[in-house]
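1. only geometry, no sequence info:
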């Protein structure tokens, strides 16, 4: 008789647990990014295939975001036989889901902010197949950035 009662209690507990867990609301990822989520300087490394001509491409540099939608850069672009040092200026918009749309150097890019704003992943959406990632250069200390 004890075995039947224990089995019945176990079945009731499992059904109750299933109902409770099934009714728990799934919460989406935290939203709430804005232009101020990208502020300060980030070291960037990007590679891919440049267009026109399908030429291999690499870039390293620093992009500085002002927290208000403006960016400046100091970047070295490399293709076989050519290195270009450029100082692109552009604009950016951070969306509430922490994705970023920007324009600089005549190209458009899409990015996603990662690691609590300490980095971002970027892809060129204008031409070629170029992607990269960037990391916050400074966190506190003697620098004016976060």
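-> Yes, it's here. Values in this document were obtained by computation on a predicted structure and should not be read as measured data.
2. Now do the same contact list for residue 36.
-> 67, 68, 94 (CB atoms under 8 Å, 6 or more residues apart in numbering). Just so you know, the C-beta spots here come from the backbone N, C-alpha and C atoms, and that holds for glycine as well.
3. How many residues are close by the residue nearest to the first one when sequence neighbours are not counted?
-> Of all residues beyond its chain neighbours, the one nearest residue 67 is residue 39 (3.6 Å), with distances taken as CB to CB, 6 or more residues apart in numbering. One way to gauge burial is a neighbour count; for residue 39, by other CB atoms under 10 Å, it gives 17.
4. Run through the bridge partners of residue 39.
-> residue 66 (DSSP bridges).
5. Please tell me I have it right and it contacts residue 70.
-> No. Assessed by CB atoms under 8 Å, residue 39 is found out of contact with residue 70, at 10.8 Å.
6. can you pull out the helices in the protein?
-> Per DSSP state H, the chain carries helices over the ranges 2-23.
7. Flag the shaky bits of it, pLDDT-wise.
-> Filtered on pLDDT under 70, the chain yields the residue ranges 1-31, 140-146.
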